[in-house]
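**Student:** Provide a 3D model corresponding to the input given below.
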Amino acid sequence: MAVPGDPPNSTPEGMGGGDDDFRSDDFRSDDFRSDDFRSDEYRSVVFDEDFVRAARLQEYSAQERMGEHARAVRSRSIWSGSGSASRTSTPGRGARQGMLLVLLIATAFAVAVYMGLRNPYVPPSGGPAQALSSTVIPLAPIADVPGGRPAELYAKSPAADYRVGAAGITLPAVRRTHHFTDAQVVAALSIAKDYLVQSSLDPDILAGAASRPVRVLLDPDQLAQFDRSMTSPSGDGRHAATGWLVRFDQATAVVADSRVRVSGTLAFEEVAPDMLEVTTDHTFVYAVRPATGSPALADGASLFTVRRELRLRFDREDLTTRRLELASAYVMAGPQDCSADPAAAFRPLLAGAGPTTVGPAASDPYASGRPRRTAGLCGVLASPTTPAVTSPATPSPPPQAAPVSPAP
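**Tutor:** The predicted model follows:
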């Protein structure tokens, strides 16, 4: 009788005898140890629920595999861990990768915004510099020009409290503008001060022996105009040498005291997103003496006053290269003779010279060429002893040209 589990009609030939063969002496249980099949590679792996959810391949359910052309497994997206993360306290591997990616994108965006605010877009520099427009007006005296020693003349003049030299050119309080930083404003003001010092106080400039210290501070687009003003000065409003700088006719007068008295102000303003403008308004008082006289004649000095109002413009390239664009210059200087042309150099009326009745140089409207724009312009130099406020009991002067004071 066959035992359940045995094949019918006994065991086929060539096959072992089942349990009897299994229990044969050739097979010993001591030779089979489970440790031999345990791989060290998988000892630390725990096949828990998190491990299963983190797998990249997921097996379809039996119902899903019944569909036509259905695959047995599917790839899991890195975002698929978000759904299972809610069922456990620890997010899945895909969820952690997704959050890391979002964090990296947010960090990169924040850095881009910060760098944009820290280093804003710099507009390109403007076009070529405009030509200088200058007006130079001589001031004629209304009385004899007083003479004396320079120190005594200064003490009796409105310049008694003026500072000496560059110390009289002070910078205003600095603040940033909408498109220019504090450092850029300071740079513009310092360049403007350098220009005033070189063009108004340098001894070689005053003597007409040099012009390079002023030239190197100008925008390259204005150099041709400047060079023509130095070699062929003209009172056409564009090429007056005294519009660019202060210099004396060496055949008429020389500086008697190098301690020039200075007073005035500087102001700045942003006139365009790429343009900063500095306005200067300063009075320079020089002690001069005759060019042909002996320097030992200390009592032969007199004062000569120059009022300069300049508009200087700077773009970002100018601030980097320390140069400027001189947009306009309005200059009053005296005492001078109204008939003298001050375009080339100043010709002071020296100590003892009296007022002249000769008016400005004649202007011919029929003459060809460019007319002299400053023709007919001449002011009257106010006397230093003239009171600032006139008493009501004092009769009014006749309606003549009002004195012009060069003091600010």
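
**Student:** you'd agree Thr146 is up against Gly300?
**Tutor:** If you look again at residue 146, you'll see it is Pro, not Thr. No: between Pro146 and Gly300 there is no contact, the gap being 11.6 Å when judged by CB atoms under 8 Å. For glycine as for every other residue, the C-beta is placed from the backbone atoms N, C-alpha and C.

**Student:** overlap in contacts, these two.
**Tutor:** Ala351 (CB atoms under 8 Å, 6 or more residues apart in numbering).

**Student:** where in the stretch 51-200 of the chain is pLDDT low?
**Tutor:** 51-58, 60, 64-65, 67-95, 116-127 (pLDDT under 70).

**Student:** go again with 90.
**Tutor:** Residues of the stretch 51-200 of the chain meeting the criterion pLDDT under 90: 51-104, 106, 108-130, 142.

**Student:** mind listing the strands for it?
**Tutor:** Taking DSSP state E, counting those that start in this stretch, the strands of the stretch 51-200 of the chain run over residues 57-59, 73-75, 133-141, 163-164.

**Student:** quick check: closest non-adjacent residue to Asp194.
**Tutor:** Leaving aside its chain neighbours, Asp194 sits nearest to Leu217 (6.4 Å; criterion: CB to CB, 6 or more residues apart in numbering).

**Student:** for burial, what's the neighbour tally of the one you found?
**Tutor:** Using other CB atoms under 10 Å, the number of residues around Leu217 comes to 20.

**Student:** same check, this time on Ala291
**Tutor:** Ala291: 13 neighbours (other CB under 10 Å).

**Student:** likewise Ala287?
**Tutor:** 22.

**Student:** for Ala151, give its distance to Gly208.
**Tutor:** From Ala151 over to Gly208 the distance is 26 Å, taken as CB to CB, to the nearest Å.

**Student:** my bad, should have said Leu100
**Tutor:** From Leu100 to Gly208 the distance is 75 Å (CB to CB).

**Student:** neighbour count: the two, which is higher?
**Tutor:** Neighbours of Leu100 and Gly208, each counted by other CB under 10 Å, are more numerous for Gly208; the result is 16 against 11.

**Student:** leaving out chain neighbours, which residue sits closest to the more buried one?
**Tutor:** Spatial nearest neighbour of Gly208, excluding adjacent residues (CB to CB, 6+ apart): Arg247 at 4.5 Å.

**Student:** for the spatially closest residue to Pro172 that is not a sequence neighbour, what are phi and psi?
**Tutor:** The spatial neighbour of Pro172 that comes closest, neighbours along the chain excluded (CB to CB, 6+ apart), is Leu266 at 5.7 Å. Dihedral pair for Leu266: phi -130, psi 150, per degrees, to the nearest 10.

**Student:** buried residues, the host helix or strand of Phe304. List them.
**Tutor:** Assigned by DSSP states H and E, Phe304 belongs to strand 302-314. Buried residues in strand 302-314, defined by neighbour count with 16 or more other CB atoms under 10 Å: 302-314.

**Student:** next, the angle strand 133-141 makes with that strand.
**Tutor:** 160 degrees (axes from the mean of the first three to the mean of the last three CA atoms, to 10 degrees).

**Student:** tell me the mean pLDDT for strand 302-314?
**Tutor:** Across strand 302-314, pLDDT averages out at 97.

**Student:** strand partners (parallel or antiparallel) of that strand?
**Tutor:** Each strand paired with strand 302-314, and its direction, by DSSP bridges: strand 275-290 (antiparallel), strand 325-334 (antiparallel).

**Student:** so which residues of this structure form helices?
**Tutor:** Ranges of helices within the chain are 19-22, 49-53, 62-65, 81-85, 93-118, 150-155, 182-200, 203-206, 212-215, 223-231, 241-244, 316-321, based on DSSP state H.

**Student:** mind checking those for the one nearest to Thr356?
**Tutor:** Proximity to Thr356 (CB to CB) singles out helix 241-244 among those, at 19.9 Å.

**Student:** give me the contact list for stretch 183-195.
**Tutor:** Residues from elsewhere that reach stretch 183-195, judged by CB under 8 Å, 6+ apart: 166, 169, 171-172, 174-177, 180, 214, 217, 266, 268, 276, 278, 280, 310, 312, 314, 316, 318-319, 322-324, 326.

**Student:** for Leu266, give me its contacts.
**Tutor:** Leu266 touches Ile169, Thr170, Leu171, Pro172, Leu189, Ala192, Lys193, Val278, Thr279, Thr280, Asp281, counting by CB under 8 Å, 6+ apart.

**Student:** quick one: the first one from Ala340, how far?
**Tutor:** Shown here: Ile169 relative to Ala340, a distance of 28 Å by CB to CB.

**Student:** swap in the fifth one?
**Tutor:** Leu189 sits at a distance of 35 Å from Ala340 (criterion: CB to CB).

**Student:** cool, and the second one?
**Tutor:** Using CB to CB, one obtains 33 Å as the distance from Thr170 to Ala340.

**Student:** and for the last one?
**Tutor:** Asp281 sits 25 Å away from Ala340, taking CB to CB as the criterion.

**Student:** looking at those two, which is more packed in?
**Tutor:** Ala340 (22 against 15).

**Student:** correct me, but that one touches Arg347?
**Tutor:** Yes: using CB under 8 Å, Ala340 is in contact with Arg347, at 4.9 Å.

**Student:** who's in contact with the spatially closest residue to Leu223 that is not a sequence neighbour?
**Tutor:** Of all residues not flanking Leu223 in the chain, Arg215 sits nearest, at 6.7 Å (CB to CB, 6+ apart). Residues counted as contacts of Arg215 (CB under 8 Å, 6+ apart) are Leu223, Phe226, Asp227.
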